[in-house]
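> Take a look and give me a structure for this.
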Amino acid sequence: MSKTNAPYLRTGVEEYLGRLKHYCKFEYVELPDIKASKNLSEKEICKKEGESFQKQIDQSDYLVLLDEGGKSFSSLQFADQLANWQLQSFKRLHFLIGGAYGFDPTIYEQSDLKISLSNMTFSHQMVRLLFLEQLYRGHTILKGEPYHHR
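Sure, this is the predicted structure:
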């Protein structure tokens, strides 16, 4: 949730969004912060974030959560997964990055896959840049471009 505030992260996000447009139709959405979240419990924050996510998702969409408990992929494996998703018939593919407390249980239940970028913990703002880079890397691997050195 929230905007990417750090200038170095914003610059990196913009760089990879520009690169990705050459490979796929991609929409990047940052949802607004939950208002008065300081007065809410972690569970209430997750519920409100979940409600915000739900407004972006249709039943025919494929939902991937970036979650520390998710499946780990190498870059090559992730590229293979991208290729598999491209062959599927779902309407849209969503990658969701949760807030500080993870996702509401309804979002976990609705998800089709959970993936982890690392066993380490990163801020959700940092994860945006790391994930966009891996998404770009996956597309360059599929195109046989030299960005990824095997």
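> could you say what helices and strands the helix-or-strand element of the chain with minimal mean pLDDT packs with?
Ranked by mean pLDDT, DSSP states H and E, the weakest helix or strand in the chain is helix 42-54, scoring a mean of 92. The helices and strands touching helix 42-54, judged by 3 or more C-beta pairs under 8 Å, 6 or more residues apart in numbering; DSSP states H and E, are helix 105-110. Where you see a C-beta, it was placed from the backbone N, CA and C, and this is true even at glycine.
> Now do the buried residues in the helix it packs on.
Ile107, Tyr108, Gln110 (16 or more other C-beta atoms under 10 Å).
> Next, format those residues as a markdown table and append distance to Leu129.
Output for the buried residues of helix 105-110, formatted as a markdown table (distance: C-beta to C-beta, whole Å):
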| residue | distance to Leu129 |
| --- | --- |
| Ile107 | 22 |
| Tyr108 | 24 |
| Gln110 | 26 |
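> Need the residues you listed in a markdown table (columns: distance to Ile34 and pLDDT).
Shown next, in a markdown table, are the buried residues of helix 105-110 (distance: C-beta to C-beta, whole Å; pLDDT from 0 to 100):
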| residue | distance to Ile34 | pLDDT |
| --- | --- | --- |
| Ile107 | 14 | 95 |
| Tyr108 | 18 | 95 |
| Gln110 | 19 | 94 |
